[in-house]
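Trainee: let's see this in three dimensions:
(chains A and B, ligands or ions: 2)
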Amino acid sequence: MRDSSDMGESKVLSAVTLAGVAKFFGTFKAIEGIDLTIRQNEFFTLLGPSGCGKTTILRMLAGFETPSSGEILLDGRDISRLGPNQRPVNTVFQNYALFPHLSVAQNIGFALKMLGRPRPEIRDTVEDMLALVQLSGRGDQLVTQLSGGQQQRVALARALAPRPKVLLLDEPLSALDQKLRKTMQIELKRMQRETGITFVFVTHDQEEALTMSDRIAVLSNGALRQVGSPHEIYNHPVDRFVADFIGETNLLTGKVIRQDGDCAHVVLPGGVTIEAQCPHAVSAGSEVTLAVRPEHCTLAGPEAPLSGFIEQVVYFGTDTHFHLRLPGGAPLVLRRQNAADGRALPQQGETVGVALAPSATRVLRD
Amino acid sequence: MQSLTDLEVSLRRADVRRRWWLSLPAMLVVILGGVGPLLIVVVYSFLEAGPYGDVVWKFSGEGWFNVLFERDIFDDTVSIADAHLTILWRSVKLSGITTLLCLIVGFPTAYYMASRGPKARGLLLLLITVPFWTNLLIRTFAIQQLLRAEGLVNVVLMKLRLTDTPVQLLYSDFAILTGMTYVYLPLMVLPLYSTMEKFDFRLMEAAYDLYASRRKALTGVLIPLVKPGMIAGCTLVFIPCLGSYVIPRVLGGGTNLMIGNLIELQFGAGRNWPLGAALSIALVALVMIGLVIFQKNDRSGGDNA
Ligand SMILES: Nc1ncnc2c1ncn2[C@@H]1O[C@H](COP(=O)(O)OP(=O)(O)O)[C@@H](O)[C@H]1O
Ligand SMILES: [Mg+2]
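Mentor: Ligands and ions are numbered 1, 2, ... in the order given. Next comes the predicted model:
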């Protein structure tokens, strides 16, 4: 699909443009004709399940793979045939790939040395980078003496030192434990803001993508499914794949009765008719899939048209999840924020009324 | 030893010392097979030469004296033994060049092998060891067949009209170098391969990503990290080359001697066993010096690269 969110924006803002980029490994199509624009100074995330082609796209941006067709433009210049050492793009590798025979400072200064910069400049930049990643004073240590989190910071500093136009990060946080991960997420955002460098970040973790990114591209099987801000991706998923992959979603099937502009009236298997957002045209009588987030479902009084039988109640501290069964047999998860007063909640085995917010219930494209 | 404290190490040593008799078989092998023969050679080098070979059991420094000097049989004037020094220098030179040739050929070979998939690696490894299945003498004669006047190389050269008459390839330093490089190449490739196999090739990608040229990635990343393998390979090639006997004998004819042939000569036609023994010990000393130099190189490479 086309990256529609960029239409009409000035060309100057784009850092990287992929135009019809496809990649074959033998006869296997790893990436199919992707059109994508990454803006300058943005934190852009490629999100998708393992094997969907994220690394392949990153490797084409870095210059380790050549696109089978299409062009990659950096500041309007076609770079798709340039070698990795000829393009101002640097990578933070998944396994860090630090040079084990060099000190922290030598690792960070490596690119500048290769570029033939004068020694004092290299020394100053290395100092700045060490400060940026909060490793000041550790320049003389061997990288093998550092912890995983510190190695990660060195890898970042090493890739940022030559001030690339674009920084590529391939699942850089996946090897860290949960707590360090949260810290590094915030750190990465800070570094991106402080350096003003465009970050292209790869992850299969949707939560990570939502918290860190300015914009997200969702991929599956080598194809682009949706590009947009975290808000757009989360609240307006275009298709079943995106809705299912990002966050928790209830997927309901139903039959369209009629459509009034952006609003479709859909009858659920249990016979209840509900309203849902539907920006695209659907014909009456067609089977559609509806998506609604658990937090957009609310408990209602017994007079509500839709009812659900409580199969399970799961307490999470901040909120409680109700696993319901709707009259037609479809499951539905409802999330309710816990109040401080500890009012009595409906229990397992009870039947309760359910309301689905019409503005948050969407008819998905297949 | 990194994971053990000094105390633990010394405790362990003490433990080994207390149960010394357990290591008796190993000691016997070391003494009978290693130190013993060497001691006999040392003793022989300090005896007098018998008239028809063998030794006379009388102390004499003549054997060692003859390593570097020679006495004129008529007027007893002493002069430097040019021939010995020349042969010694030739041996070091030819071994050094062979080591270099093996490194030049072996390095890309090992790199290629290590960067293949696991299946291809196994096959390539097998192919590298195939020459070991045949005897050294046979392999040397095979090279001789290739290089002789009517051999394959000359036939091809003449077919290509590069020469009208056969080129004299045999019985030259070229022939010796060819033979030694061919024979000792696997000893270079194997240790190189085993270090490169552990090398993380993503580091090369990282180097290219950080603006290194191919050459810079090679000299700045690959070579420092596979240096232990290079040093092991060079040691394994250089040392047997220095003492090689069959190859210079078969491919160098009677004229292009190496130190191994010189030693053999003393025990055979030369009938000067003490000199032969002294030369042998000199060779061992030379090898030791070589080892120390290689080791030093290894350590300094690890520290400040
Ligand atoms: N060099 C290659 N040769 C053949 N297939 C490859 C190669 N690299 C990746 N692939 C295939 O392309 C697909 C996408 O891989 P990748 O980009 O690594 O996915 P991701 O990073 O999203 O997990 C996978 O099916 C993978 O097996
Ligand atoms: Mg990947």
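Trainee: CA atoms for contacts and neighbours, from now on please.
Mentor: OK.
Trainee: first-to-last residue distance for stretch A:235-255?
Mentor: 22 Å (C-alpha to C-alpha, to the nearest Å).
Trainee: what does stretch B:75-91 give?
Mentor: By C-alpha to C-alpha, one end of stretch B:75-91 lies 31 Å from the other end.
Trainee: from the middle of its chain, how far away would it be?
Mentor: Centroid displacement of stretch B:75-91 relative to its chain, using C-alpha atoms, centre = their mean, to the nearest Å, is 23 Å.
Trainee: give me the contacts around that stretch.
Mentor: Residues from elsewhere that reach stretch B:75-91 (C-alpha atoms under 8 Å, 6 or more residues apart in numbering or on different chains): B:66-72, B:241-242, B:257-259, B:262.
Trainee: so which of those residues sit within helices?
Mentor: Within the contacts of stretch B:75-91, residues falling in helices by DSSP state H are B:66, B:67, B:68, B:241, B:242, B:259, B:262.
Trainee: what sits against residue A:126?
Mentor: Residue A:126 neighbours (C-alpha under 8 Å, 6+ apart): A:105, A:108, A:109, A:161.
Trainee: most neighbours out of the residues you listed, which is it?
Mentor: residue A:108 (31 neighbours; other C-alpha atoms under 10 Å in any protein chain shown).
Trainee: so it, which of the three states?
Mentor: helix (DSSP: H, G, I helix; E, B strand; the rest coil).
Trainee: pull the contacting residues for the residue of the stretch 101-250 of chain A found nearest chain B.
Mentor: With C-alpha to the nearest C-alpha as the measure, residue A:111 is the residue of the stretch 101-250 of chain A nearest to chain B, at 4.6 Å. Applying C-alpha under 8 Å, 6+ apart to residue A:111 gives the contacts A:158, A:161, A:162, B:210, B:211, B:212.
Trainee: surely the fourth one meets residue A:114?
Mentor: Yes: taking contacts as C-alpha atoms under 8 Å, residue B:210 lies within contact range of residue A:114: 7.4 Å.
Trainee: neighbour count: these two, which is higher?
Mentor: residue B:210 (31 against 18).
Trainee: tell me how far the more buried one lies from residue B:36.
Mentor: From residue B:210 to residue B:36 the distance is 57 Å (C-alpha to C-alpha).
Trainee: sorry, back to before: can I get the ones in helices among the contacts of stretch B:75-91 in CSV including distance to residue A:75, neighbour count and pLDDT?
Mentor: Output for those, formatted as CSV (distance: C-alpha to C-alpha, whole Å; neighbours: other C-alpha atoms under 10 Å in any protein chain shown; pLDDT from 0 to 100):
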residue, distance to residue A:75, neighbour count, pLDDT
B:66, 78, 19, 88
B:67, 74, 20, 88
B:68, 74, 15, 87
B:241, 59, 26, 93
B:242, 61, 24, 91
B:259, 67, 25, 91
B:262, 72, 21, 91
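Trainee: how about the residues you listed, which pair is most distant?
Mentor: B:66 and B:241 (23.8 Å; C-alpha to C-alpha).
Trainee: list the contacts for the most centrally placed residue in chain A?
Mentor: Centroid-nearest residue in chain A, with C-alpha atoms, centre = their mean: residue A:209, separated by 3.4 Å. Contact analysis of residue A:209 by C-alpha under 8 Å, 6+ apart lists A:45, A:47, A:203, A:216, A:230.
Trainee: narrow these to just the buried residues.
Mentor: A:45, A:47, A:203, A:216, A:230 (16 or more other C-alpha atoms under 10 Å in any protein chain shown).
Trainee: could I get those residues as a markdown table with pLDDT and secondary structure?
Mentor: As requested, those are exported to a markdown table (pLDDT from 0 to 100; DSSP: H, G, I helix; E, B strand; the rest coil):
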| residue | pLDDT | secondary structure |
| --- | --- | --- |
| A:45 | 97 | strand |
| A:47 | 97 | strand |
| A:203 | 95 | strand |
| A:216 | 97 | strand |
| A:230 | 96 | helix |
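Trainee: and residue B:39, its phi and psi?
Mentor: phi -60, psi -40 (degrees, to the nearest 10).
Trainee: residue ranges for the strands of the stretch 101-250 of chain B, please.
Mentor: With DSSP state E, counting those that start in this stretch, there are no strands along the stretch 101-250 of chain B.
Trainee: low-confidence regions, it specifically.
Mentor: For the stretch 101-250 of chain B, no stretch has pLDDT under 70.
Trainee: rerun that using 90 as the cut-off
Mentor: B:117, B:129-134, B:149-151, B:154, B:161-169, B:243 (pLDDT under 90).
Trainee: ok, now how distant is the closest residue to ligand 1 within it from residue B:128?
Mentor: Relative to ligand 1, the nearest point of the stretch 101-250 of chain B is residue B:117 (12.1 Å; C-alpha to the nearest ligand atom). Distance, residue B:117 to residue B:128, using C-alpha to C-alpha: 16 Å.
Trainee: also residue A:352?
Mentor: Residue A:352 is 76 Å from residue B:128, by C-alpha to C-alpha.
Trainee: same deal with residue B:54?
Mentor: Residue B:54 is 43 Å from residue B:128, by C-alpha to C-alpha.
Trainee: cool, residue A:283 as well?
Mentor: Residue A:283 is 70 Å from residue B:128, by C-alpha to C-alpha.
Trainee: and residue B:188, by the same measure?
Mentor: With C-alpha to C-alpha as the criterion, residue B:188 and residue B:128 are 11 Å apart.
Trainee: between those two, which one's more packed in?
Mentor: More neighbours surround residue B:188 than the other of residue B:188 and residue B:128, with 29 against 15 (other C-alpha under 10 Å).
Trainee: so the more buried one sits against residue B:233, correct?
Mentor: Yes: using C-alpha under 8 Å, residue B:188 is in contact with residue B:233, at 4.1 Å.
Trainee: name the residues contacting each of these two.
Mentor: In contact with both residue B:188 and residue B:233: residue B:103, using C-alpha under 8 Å, 6+ apart.
Trainee: follow-up on the earlier one: which ones among the contacts of residue A:111 map onto helices?
Mentor: residue A:158.
Trainee: quick check: phi and psi at residue B:46.
Mentor: phi -110, psi 20.
Trainee: give me the neighbour count for residue A:157.
Mentor: Neighbour tally, residue A:157, other C-alpha under 10 Å: 29.
Trainee: residues in contact with the closest residue to ligand 1 within the stretch 151-300 of chain A?
Mentor: Residue of the stretch 151-300 of chain A nearest ligand 1, by C-alpha to the nearest ligand atom: residue A:222 (7.0 Å). Neighbouring residues of residue A:222 by C-alpha under 8 Å, 6+ apart: A:29, A:30, A:31, A:32, A:52, A:53, A:54.
Trainee: enumerate the residues of chain B near chain A.
Mentor: B:202-203, B:205-206, B:208-213, B:216, B:221, B:224-225, B:302, B:305 (C-alpha under 8 Å from any C-alpha of the partner chain).
Trainee: can you select the buried ones from those in PyMOL?
Mentor: Selection command for PyMOL covering only the buried members of the residues of chain B next to chain A, criterion 16+ other C-alpha under 10 Å:
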select buried, chain B and resi 203+205+206+208+209+210+211+212+213+221+224+225
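Trainee: tell me the two of the contacts of stretch B:75-91 that are most distant?
Mentor: B:72 and B:241 (32.3 Å).
Trainee: near chain B, which residues of chain A are found?
Mentor: Counting by C-alpha under 8 Å from any C-alpha, chain A sits next to chain B at A:62, A:64, A:84-86, A:89-91, A:93, A:97-99, A:101-102, A:110-111, A:114-115, A:159.
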